[in-house]
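**Q** Just a sequence and a predicted model for now, questions to come.
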Amino acid sequence: MASPQVAGLAALVLSADPAIRDPKEHPIRLMTALYAQTDRRPGEVVVREGRPIRMLAVVHDLDQEPTMRQEWVVESLHSVLAICKERKIEALGMEMLGCLHGKLDPNRFRSILEAALENQQAGFLKRIWVKKIGADRQ
């Protein structure tokens, strides 16, 4: 399991915008928040409250090789759908988990997503938007 520091850095690095920006938080607050983070295991989903609700899927662990595994993507998708069902969420936007940095084939992700939707009987979801890999990096 990744340490909170590694997991936090992985999330920042793997989803980082290539532009370097000044942080909005004071560095001491950032370091304190990073230190206070709890371990997250691959396959887990972290829910950030707000509008919209943000669900952060943990599909990488920099302490392991390879850093991404298909079973973590599957577990994360099932967790996301369960959270959507529990909260009666009707619309979901997501990236193709594991495809950009984990080298999961986008067609394989699509198959995994379709299977997860069938297994969860996700009739509560009316719309799902899946972000195309590299669409914002052109």
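**A** Thanks, I have the structure now.
**Q** my read: residue 94 touches residue 125, true?
**A** No: using C-beta atoms under 8 Å, residue 94 makes no contact with residue 125, being 11.1 Å away. The C-beta positions use only the backbone N, C-alpha and C, and glycine is treated the same way.
**Q** With residue 26 as the reference, measure out to the residue nearest to the spatial centre of the chain.
**A** Nearest to the mean C-alpha position of the chain, by C-alpha atoms, centre = their mean, lies residue 57 at 2.7 Å. Separation of residue 57 from residue 26 (C-beta to C-beta, to the nearest Å): 28 Å.
**Q** now residue 133
**A** 34 Å.
**Q** of these two, who's got more company?
**A** The residue with more neighbours, out of residue 133 and residue 26, is residue 133; 14 against 9, by other C-beta atoms under 10 Å.
**Q** show me the contacts for the more buried one.
**A** 95-96, 99-100, 106 (C-beta atoms under 8 Å, 6 or more residues apart in numbering).
**Q** and if we set it to 7 Å?
**A** Contacts here follow C-beta atoms under 7 Å, 6 or more residues apart in numbering; on that basis residue 133 touches 96, 99-100, 106.
**Q** on that earlier part again, might one say that the residue nearest to the centre of the chain is in contact with residue 76?
**A** Yes: with contact defined as C-beta atoms under 7 Å, residue 57 and residue 76 form a contacting pair (3.7 Å).
**Q** Residue ranges in the protein under the pLDDT threshold?
**A** Counting by pLDDT under 70, the chain has low-confidence residues at 1-20, 121-122, 134-138.
**Q** what residue of it is the furthest out?
**A** Centroid-distance maximum for the chain: residue 28 at 25.9 Å, with C-alpha atoms, centre = their mean.
**Q** all strands of the chain, in order?
**A** Along the chain, counting by DSSP state E, strands occupy 45-48, 54-57, 91-95, 127-131.
**Q** out of those, which comes closest to residue 32?
**A** strand 45-48 (17.8 Å; C-beta to C-beta).
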